[in-house]
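Novice: Predicted model and sequence follow; I will ask about them next.
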Amino acid sequence: MSTVTDGSVATAEHAWMPSSPCGARCLPAGDTEVSAPVAAGRWLLVGCALAAAPLLTAGWFLPRSWRAVLQRRYAEVLLRCVGIHLDIRDRRGERRPTGGLLVVSSHVSWTDVLVLSALAPTEFVARADLLDWAVLGSLARRMRVIPIDRSDLRALPGTVEATANRLRAGARVAAFPEGTTWCGRASGGFRPALFQAAVDSECPVQPVTIRYVGRTGELTTSPCFVGVETIGPSIRRIIRQRGLVAQVDLRPIEHPGESRRDLTVRCERSVRGAETVDLAAGGIVGPGRYAALAIAADAASSIEAGERLTA
């Protein structure tokens, strides 16, 4: 994937690859920051938490119920260390499936992985290069990440099969069907390929909406990880923020059915609700750029329709 630097917006090298117009212009300018001593204390806590990461590996010698608690608590601790609190809203009703479960969520930041892990022990489908990251790479390997390289369409069926096998084995697997991160004020369409894993394994799907709000309860883009930003500046910005809350909305369970396209539509509708997005009105892109992106999105959808059969 290549990037352009005007406005720090990441663009896809191929039309069928997921892309987002979000970039540096999406980041807020006036969020309330914590004091230097508080920020320093958070950095210290993050260092201690990462140093304790090998305990997750040692945890495989513990009973399953203990491992579940250990993994959840570890994710909660890391979130607290960077200053993010959880607000969970459970709208699943009485339908609580057992066994394999595909979790699909909106995607704003690398912190989404910690948020979903704090709900229940979860394995993830995530970008392949995550395994090579200096800090989060070791965590990703311990969490048994299923790598996906969206620049290699021929590898996608293997990723779908690996996901289906995990689901058949009773795992809870999370994926981000947008294929890339968005700032939270805007969102991308769900790609259907990974939903085929739920259809093949006949496992239900849990749609999840993740929103980040500030101390006033208003939506904030502070945690977003978009454009050409690297992980270091993202962590620094989040640690300096005051009163960040991750609002997690657990939507009703969706049964897989026989069509991944129908399942994709149902899950995206569940995650989005009545949400509507105007990128130009939100200041994410200019009106001219917005029109160009809409045309490009239509072209990408047409190309993707032909490519999906290979997934």
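Specialist: Yep, it's here. The shown structure was predicted, so the numbers you read here are calculated from the model rather than taken from an experiment.

Novice: Look at Gln241 and say how many residues are nearby.
Specialist: By other Cβ atoms under 10 Å, the residues close to Gln241 number 22. C-betas here are computed from N, CA, C, even on glycine.

Novice: check which helix or strand covers the closest residue to it other than its chain neighbours.
Specialist: Closest residue in space to Gln241, ignoring its immediate chain neighbours: Ser222 at 4.9 Å, by Cβ to Cβ, 6 or more residues apart in numbering. Ser222 belongs to no helix or strand when elements are defined using DSSP states H and E.

Novice: In this structure Ser222 contacts Val245, no?
Specialist: No: using Cβ atoms under 8 Å, Ser222 is not in contact with Val245; the gap is 11.1 Å.

Novice: The two: who's more crowded?
Specialist: Each of Ser222 and Val245 has its neighbours counted (other Cβ under 10 Å); Ser222 has more, 24 against 17.

Novice: elements contacting the longest strand along the chain?
Specialist: In the chain, taking DSSP state E as the definition, the longest strand is strand 205-213. For strand 205-213, the packing partners by 3 or more Cβ pairs under 8 Å, 6 or more residues apart in numbering; DSSP states H and E come out as strand 101-105, helix 111-119, strand 244-250, helix 260-272.

Novice: Now these in TSV, please, with extra columns for mean pLDDT and distance to Ile231.
Specialist: Output for the helices and strands packed on strand 205-213, formatted as TSV (pLDDT from 0 to 100; distance: least, Cβ to Cβ, whole Å):
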stretch	mean pLDDT	distance to Ile231
strand 101-105	97	20
helix 111-119	93	11
strand 244-250	95	17
helix 260-272	95	25
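
Novice: Buried deepest among those, which one?
Specialist: strand 101-105 (a mean of 25; mean count of other Cβ atoms under 10 Å).

Novice: So what touches that one?
Specialist: Identification of contacts with strand 101-105 by Cβ atoms under 8 Å, 6 or more residues apart in numbering yields 112, 116, 122, 163, 167, 172-177, 190, 194-195, 197-198, 203-210, 267, 271.

Novice: which of those count as buried?
Specialist: 112, 116, 122, 163, 167, 172-177, 190, 194-195, 197-198, 203-210, 267, 271 (16 or more other Cβ atoms under 10 Å).

Novice: Might you report the residue contacts of Cys183?
Specialist: For Cys183, the contacting residues are Ser20, Cys22, Cys26, Leu27, Val108, Thr221, Cys224, Val226, Ile284, by Cβ under 8 Å, 6+ apart.

Novice: let's go with 6 Å and repeat that
Specialist: Residues in contact with Cys183 (Cβ atoms under 6 Å, 6 or more residues apart in numbering) are Cys22, Cys26, Thr221, Cys224, Val226.

Novice: Over to Thr32?
Specialist: Arg242.

Novice: How much space separates it from Gln241?
Specialist: Thr32 sits 7 Å away from Gln241, going by Cβ to Cβ, to the nearest Å.

Novice: next one: Ile88
Specialist: 20 Å.

Novice: ok, now Tyr74?
Specialist: Taking Cβ to Cβ, one finds Tyr74 at 22 Å from Gln241.

Novice: Kindly report the same for Leu194.
Specialist: Distance of Leu194 to Gln241, computed by Cβ to Cβ: 31 Å.

Novice: what do you get for Cys48?
Specialist: 20 Å.

Novice: do the same with Leu102
Specialist: Using Cβ to Cβ, one obtains 31 Å as the distance from Leu102 to Gln241.

Novice: So what does Leu219 have for phi and psi?
Specialist: Backbone torsions for Leu219, taken as degrees, to the nearest 10, come to phi -60, psi 140.

Novice: What count of nearby residues applies to it?
Specialist: Residues near Leu219, counting by other Cβ under 10 Å, number 13.

Novice: Enumerate every residue touching it.
Specialist: Shown in contact with Leu219 (Cβ under 6 Å, 6+ apart): Val213.

Novice: what do you get for the one 10 residues further on?
Specialist: Applying Cβ under 6 Å, 6+ apart to Glu229 gives no contacts.

Novice: same check, this time on Pro177
Specialist: Val104, Phe190, Arg191.

Novice: Does the second one touch Glu268 like I think?
Specialist: By that I understand Phe190. Yes: at 4.2 Å, Phe190 and Glu268 qualify as touching, with contact defined as Cβ atoms under 6 Å.

Novice: low-confidence ranges in the chain?
Specialist: Residues of the chain that meet the criterion pLDDT under 70 lie in 1-16, 30-31, 55-62, 128-143, 274-311.

Novice: what about the helices in it?
Specialist: With helices called from DSSP state H, the chain shows them at 36-51, 54-58, 64-81, 111-119, 136-142, 156-168, 195-201, 231-240, 260-272, 287-307.
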